[in-house]
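Enquirer: Provided below are the primary sequence and the corresponding predicted coordinates.
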Number of protein chains: 2
Amino acid sequence: MTTPAPNPTIRRLDVASPVPADIDIANAVEPLHIADIAAELGVPPEHYDLYGKYKAKVLLSVLDKLQGQQDGYYVVVGGITPTPLAFLDKKVVTCVRQPSQGPTFGIKGGAAGGGYSQVIPMDEFNLHMTGDIHAITAANNLLAAAIDTRIFHEASQSDKALFNRLCPPNKEGKRRFADVMLRRLIKLGISKTDPDELTPEEVRRFARLDIDPASITWRRVMDVNDRFLRKITVGQGPEEKGMVRETGFDISVASEIMAVLALTTSLADMRERLGRMVIGNSKAGEPVTADDLGLGGALTVLMKDAIHPTLMQTLEGTPVLVHAGPFANIAHGNSSIVADKIALKLVGKGGFVVTEAGFGADIGTEKFMDIKCRYSGLTPQCAIIVATIRALKMHGGGPDVVAGKPLDHAYVSENVALVEAGCVNLAKHISNTKGYGVNVVVAINKFATDTDAEMEVVKKAAMAAGAFDAVVCSHHAHGGKGAVDLGVAVQRACESQAEPLKFLYPLDSSIKEKIESIAKFYGASGVEYSEQAEKQIEMYTKQGFSNLPICMAKTQYSFSHVPSMKGAPSDFVLPIRDVRASIGAGFIYPLVGTMSTMPGLPTRPCFYEIDIDTTTGKVMGLS
Amino acid sequence: MTTPAPNPTIRRLDVASPVPADIDIANAVEPLHIADIAAELGVPPEHYDLYGKYKAKVLLSVLDKLQGQQDGYYVVVGGITPTPLAFLDKKVVTCVRQPSQGPTFGIKGGAAGGGYSQVIPMDEFNLHMTGDIHAITAANNLLAAAIDTRIFHEASQSDKALFNRLCPPNKEGKRRFADVMLRRLIKLGISKTDPDELTPEEVRRFARLDIDPASITWRRVMDVNDRFLRKITVGQGPEEKGMVRETGFDISVASEIMAVLALTTSLADMRERLGRMVIGNSKAGEPVTADDLGLGGALTVLMKDAIHPTLMQTLEGTPVLVHAGPFANIAHGNSSIVADKIALKLVGKGGFVVTEAGFGADIGTEKFMDIKCRYSGLTPQCAIIVATIRALKMHGGGPDVVAGKPLDHAYVSENVALVEAGCVNLAKHISNTKGYGVNVVVAINKFATDTDAEMEVVKKAAMAAGAFDAVVCSHHAHGGKGAVDLGVAVQRACESQAEPLKFLYPLDSSIKEKIESIAKFYGASGVEYSEQAEKQIEMYTKQGFSNLPICMAKTQYSFSHVPSMKGAPSDFVLPIRDVRASIGAGFIYPLVGTMSTMPGLPTRPCFYEIDIDTTTGKVMGLS
């Protein structure tokens, strides 16, 4: 790896107007073989594994190879996959999340981008990809099965019988602890390594996890929109002897294991994080971990391929690293640290990494800065805030937009006043993001019905709020070429950035202080804790977990907890309904109001249109 | 593709004695790059997709390329992965099933074979592989979610509202049917294609599936041993408005979609089979299919990569096609038709395909012949029956063998009488298998404690029962070299085979007649149907499904339904507890006694030993 070369092979797109359906655009382009993309990017063949012709896992080993390389510029952006910088002859990698299959077949459709700004092949991107989410589902549910089964076995066996089964004597009558058991012994403060030396009391403490069923926070997951699994009763078979329990399924991307994947920095770090995930408490109030259940190693084995990010491409043939997929409302909403780190080395000095943070600056960007950058040690030089005229009109008081219903007239004809009124929302996103010490560039995502006068209002408001620049983009209609101005602005913003990253809160303040910092950042006048939230905060503090960052589970539709409160509201008290913890991933997550962790299917889900041409093998109807 | 070349690159194994742990043997060998295996086998690069360095999906397109090629010999074998024929300079491909991850982490461990007869890399073989089982899980559960959600939506909407949502007007106020809806219209005998022309009665019939919740046979699945999901209640969340329902999860390999994958012959065929899977009945007693729910296409899209078999290798570097993984007791227990077809073309005339049928001749082989060969049109020339001295001693009346407990003395020292008594079981397997018109070769799988006198007894009994040959093998201790005699015998058996395949029953006999043919084959004196079974047989007959083959769900431990009935029992009446149907896969499956479709975890599951070396990335403790 010598000096990074520019990206010479940008595919020039033949764009049509009006913009055709996403799958038609995607199907019209023959993707490059991913080995060509890898070669162009300078990934040596021994550091990637092909998954078919259009996907490759870039192995973490490439980081060792490139450790002498300087990082490129680091740019964070909300929710789109732009490729403008490649048009400026810069080496650029885009880092995005893997989409969940739930929405793909449900109401939202795929997440490959749209129009002439897509990740391709879009069917491979939206379905299975390289199996990472499936690995998460498998690991999450193995842990869930182990929890219920352990409670079941403990209920029917004496301490001695349990111990005998956990450490059975071999043919010579000798017992040994499995390696993972030594971790539990250390946690219990037992320094013995010979099972035969344990006292009966130590045998009891070791063998009996004594999980309090009411304290279990670990739920099963599925990458399907299955609303009937939100709340279920398990254990109703006759062989489970009446040990029924109320629990439920979340969508897989809400699993803590997804958060671990997104925040881990190495295989060894992932092993530790998975092992220390807390699934609930013992009846004495002590946290019970995956390692206590003997599973930290097995979970890591299930996740060993998932830790490597997947290389794909945009329509224009520029490289995209796809990795991890936590939702931004119910989880931390950013793609992975390892993908960003690899990308920064691959583009090298003067190159650019554009990484996606889901939704607005209240959600994705806040979590990007205070959680992801805190764990990665990386500092962004620029944050792109994407604005659309339609969204600003909604924030300015325009009528509701309902999926499947025709758009109100306000959104398809000029209405400068509505846009102007909505800019208060954009201004708050800008000033909040600037607070982290990064330059903010506003990208106004232009659609066909938006007018110049509307654009001008937004530009002016953005600059007034402190943006470094504000530019109009049309990549949806024109591909990367439609966003060259944005590329120029981002480059200037990165080159002129000098401030260090300023976090919103220090880690050593209390859980409540941290929650209140974020609430203030949202614009709230205060915070209100439910009794349950108070209880949980007290418990996590007592358990020694108060020094973790905070990951708010909050609606993406408003700075507040009320989706209909548009603009930049300030007269609300943020209600904390419950507080949970992802100890392995490394954050406390307060639930702001009611957030569903398992979507449902509508009467006519997307799947009605999805089929395959059995002659060509092409997927049809994916949106 | 010209004349098939012999297999020149057999790796000569340095064997140790006693045989080391499976994972240690596997880790000591550096696998060949799978592209080398593919090249050797004559698979052109455009007809396979790499999945990492050691796995490749062989694309079904290779069948078109090789259609002029003659098939090789087709050999069916129970439960092992021998590679003897490669030692005779024959081109050979072994076809095996993908293991379920449930047992890998549960009580049984992996399924890569054992000792010096393994598929490698064994961690990649046992975990995720190329994601086929995960695709099945995803597809199965999307269908399950669609069922409950559809009932929910139908309960709260008028016919007109339902129809409006299913066929919403576009911007111009025009409605259209999705392609999959046209299938439902045809089924209903409605020949209209314009939604606006349907009468209110047709609207009702089209839009209202009117599923009878009590009739639903479609369950959710998970590839985890989670006993607490065997029987559950779903829909207990407040938003599901009291629409609770009792259901349960099976292990993923028990999904009908797994059976479809194993029995399909092309992408187009899979699309049809998935669409016609029956999930239950309408309240009027009509079968409701996946296509009625709008899902046949989407399920095919989810399964489009899974249809291609995965190429891997044995320890000795010979090619293995891994595909599908139905259990042999609760499902039809054979690897896929497409894998076998591809393999037969790849080895070509004079080459050999050895395909695995799970468990004994009562289970795997019967289903291989009467279901798999019936759908594939392929004819085996030879069936290998694997016998072990230990199993024959059990059938001769030896004490129970319990996993985890030391073996009884009877099994580790010579006991010719016990072996002799057990041969009645082997003899029945031989005569039953011979009945299909194939030559039977008995492979006596030799372990260290087995004696020559014991072997002789088995050989004699096998020849007396009509075996073509009976040979001692030691591939567990010596790799393929330990099974050269078997190779010679199989080759002779194939070359001298002339009879056509004789099925056990014709398809056009009644469901009961077919069940009774199989019961007789087991040795039963009769069949006893529960009231529920009678009801189901009557229903399936009325629905027009009586012409399907039968797939018995029965214990593998005995010819009978009672695991402890060893030898060749004949004084039992086979109880049919229930009868279900896999209409898409294409069989009726009677449940003989109680068969669990979801295993559990023991107190100390295999996962305690499984971990990863975070420096080398090597998996440890997999067995």
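Expert: Perfect, thanks for sending it. Residues are numbered from 1 along each chain as shown, chains lettered A, B, ... in the order given.

Enquirer: going forward, measure contacts and count neighbours with C-alpha atoms only.
Expert: Fine.

Enquirer: For chain B, see how far away the closest residue to residue A:98 other than its chain neighbours is.
Expert: Nearest non-adjacent residue to residue A:98, counting by CA to CA, 6 or more residues apart in numbering or on different chains: residue A:325, 4.8 Å away. To chain B, residue A:325 is 17 Å away according to CA to the nearest CA, to the nearest Å.

Enquirer: residues near residue A:325, how many?
Expert: 27 (other CA atoms under 10 Å in any protein chain shown).

Enquirer: and if you look at residue A:138?
Expert: Look at residue A:138: counted by other CA under 10 Å, it has 27 neighbours.

Enquirer: Could you tell me the model confidence score at it?
Expert: Residue A:138 is assigned a pLDDT of 98 by the prediction.

Enquirer: Can you verify it is assigned to a helix?
Expert: Yes. Assessed with DSSP: H, G, I helix; E, B strand; the rest coil, residue A:138 lies in a helix.

Enquirer: and the gap between it and residue A:258?
Expert: 12 Å (CA to CA, to the nearest Å).

Enquirer: just residue A:549 next, same as before
Expert: Relative to residue A:258, and taking CA to CA, residue A:549 is found at 17 Å.

Enquirer: the helices in the stretch 151-300 of chain A, which residues?
Expert: A:159-166, A:179-187, A:200-207, A:256-263, A:267-275, A:296-302 (DSSP state H, counting those that start in this stretch).

Enquirer: who wins for proximity to chain B among those helices?
Expert: helix A:296-302 (3.9 Å; CA to the nearest CA).

Enquirer: and the closest one, what does it pack onto?
Expert: On a contact count with 3 or more CA pairs under 8 Å, 6 or more residues apart in numbering or on different chains; DSSP states H and E, helix A:296-302 meets helix A:132-156, helix A:267-275, strand B:611-612.

Enquirer: Count the residues that sit near the residue nearest to residue A:191 when sequence neighbours are not counted.
Expert: Leaving aside its sequence neighbours, residue A:191 sits nearest to residue A:185 (CA to CA, 6+ apart; 6.7 Å). Residue A:185: 18 surrounding residues under other CA under 10 Å.

Enquirer: Would you agree residue A:185 is in contact with residue A:204?
Expert: No. Checked against CA atoms under 8 Å, the pair residue A:185 and residue A:204 is beyond contact range at 11.7 Å.

Enquirer: what residues are up against residue A:217?
Expert: Contacts here follow CA atoms under 8 Å, 6 or more residues apart in numbering or on different chains; on that basis residue A:217 touches A:279-280, A:580.

Enquirer: same thing but at 7 Å, please
Expert: Contacts for residue A:217 (CA atoms under 7 Å, 6 or more residues apart in numbering or on different chains) come out as A:279-280.

Enquirer: Touching, the residue nearest to residue A:98 and residue A:253? I think so.
Expert: Yes. Taking contacts as CA atoms under 7 Å, residue A:325 lies within contact range of residue A:253: 6.0 Å.

Enquirer: Need phi/psi at the spatially closest residue to residue A:179 that is not a sequence neighbour.
Expert: Residue nearest to residue A:179 in three dimensions, not counting chain neighbours: residue B:609, with 7.4 Å by CA to CA, 6+ apart. Main-chain torsions, residue B:609, degrees, to the nearest 10: phi -90, psi -10.

Enquirer: do the same with residue A:574
Expert: Dihedral angles for residue A:574 - degrees, to the nearest 10 - are phi -80, psi 120.

Enquirer: looking at chain A, which residue ends up farthest from its center?
Expert: Note on chain A: the largest C-alpha distance from the chain mean falls to residue A:172, namely 49.9 Å (CA atoms, centre = their mean).

Enquirer: Just the pLDDT for that residue.
Expert: You'll see residue A:172 listed with a pLDDT of 83.

Enquirer: for residue A:107, same thing?
Expert: We note a pLDDT of 81 for residue A:107 in this prediction.

Enquirer: near chain B, which residues of the stretch 501-623 of chain A?
Expert: Contacts of the stretch 501-623 of chain A with chain B, taken as CA under 7 Å from any CA of the partner chain, map to A:601, A:603-604, A:607-612, A:614, A:619.

Enquirer: Now do the helices in the stretch 401-550 of chain A.
Expert: Here the stretch 401-550 of chain A has its helices, by DSSP H, counting those that start in this stretch, at A:409-412, A:416-434, A:452-464, A:475-478, A:484-495, A:511-522, A:531-542.

Enquirer: Mind telling me which of these the model trusts least?
Expert: Minimum mean pLDDT among the helices of the stretch 401-550 of chain A: helix A:475-478, a mean of 69.

Enquirer: picking that back up, could the helices of the stretch 401-550 of chain A be laid out in JSON lines, adding mean neighbour count?
Expert: Converted to JSON lines, those look like this (neighbours: other CA atoms under 10 Å in any protein chain shown):
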{"stretch": "helix A:409-412", "mean neighbour count": "15"}
{"stretch": "helix A:416-434", "mean neighbour count": "21"}
{"stretch": "helix A:452-464", "mean neighbour count": "18"}
{"stretch": "helix A:475-478", "mean neighbour count": "22"}
{"stretch": "helix A:484-495", "mean neighbour count": "21"}
{"stretch": "helix A:511-522", "mean neighbour count": "19"}
{"stretch": "helix A:531-542", "mean neighbour count": "16"}
